[in-house]
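In: Build me a structure from this.
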Amino acid sequence: MAKKKAKKKAAKKSVKNLTAGMKKQAAKARAELKKAKAKFLAQEKKVRGFIKKNPEKAAAIAVGIGAALGAVAGAVVARKRKKK
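Out: So this is what the prediction gives:
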């Protein structure tokens with residue numbers, strides 16, 4: 001009987017330690033997310049500025065990226081059809 005109580009106490013203590021650790025990790029994750037969001041917003045601002053200054057280049061880049069993604073998607077679809 002004493003062993004069961006000791007095991008229960010140890011389990012409760014373990015759970016408390018686990019939840020405390022989880023809370024610390026969650027706080028770290030929130031801080032990292034905040035940093036990442038700030039970096040993303042800074043880059044977004046730079047991109048918007050580039051687009052305003054160079055609309056033709058921005059359009060050409062967008063077309064190039066779209067063509068590349070289309071080619072990759074087409075290759076994937078063609079490959080799947082060959083396997084059947």
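
In: Okay, helices next: where are they in the chain?
Out: Using DSSP state H, the helices of the chain run over 2-53, 55-83.

In: Adding mean neighbour count and mean pLDDT, write the ones you listed out as TSV.
Out: (C-beta placed from N, C-alpha, C; glycine too.) Shown next, in TSV, are these (neighbours: other C-beta atoms under 10 Å; pLDDT from 0 to 100):
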stretch	mean neighbour count	mean pLDDT
helix 2-53	10	85
helix 55-83	10	93
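
In: Domain map for the protein?
Out: 1-53, 54-84 (automatic domain parsing).

In: how far away is residue 65 from residue 75?
Out: Applying C-beta to C-beta, to the nearest Å, the value for residue 65 to residue 75 is 16 Å.

In: Kindly report the same for residue 69.
Out: Going from residue 69 to residue 75 by C-beta to C-beta gives 11 Å.

In: and if you look at residue 21?
Out: Distance from residue 21 to residue 75, by C-beta to C-beta: 46 Å.

In: what do you get for residue 31?
Out: 41 Å.

In: got it, and residue 47?
Out: Noted for residue 47: a distance of 28 Å to residue 75, by C-beta to C-beta.

In: And residue 34, by the same measure?
Out: 39 Å.

In: can you check residue 22 too?
Out: Taking C-beta to C-beta, one finds residue 22 at 43 Å from residue 75.

In: Same check on residue 43?
Out: From residue 43 to residue 75 the distance is 30 Å (C-beta to C-beta).

In: Check residue 56 too.
Out: Look at residue 56 and residue 75: by C-beta to C-beta, they are 29 Å apart.

In: Check residue 23 too.
Out: 47 Å.

In: what does residue 61 give?
Out: Taken as C-beta to C-beta, the span from residue 61 to residue 75 is 21 Å.

In: do residue 19 as well
Out: Remark: distance between residue 19 and residue 75 (C-beta to C-beta) = 48 Å.

In: cool, residue 60 as well?
Out: 23 Å.

In: Check residue 81 too.
Out: Counting by C-beta to C-beta, the gap from residue 81 to residue 75 is 11 Å.

In: cool, and residue 54?
Out: 31 Å.

In: And for residue 30?
Out: Residue 30 is 40 Å from residue 75, by C-beta to C-beta.
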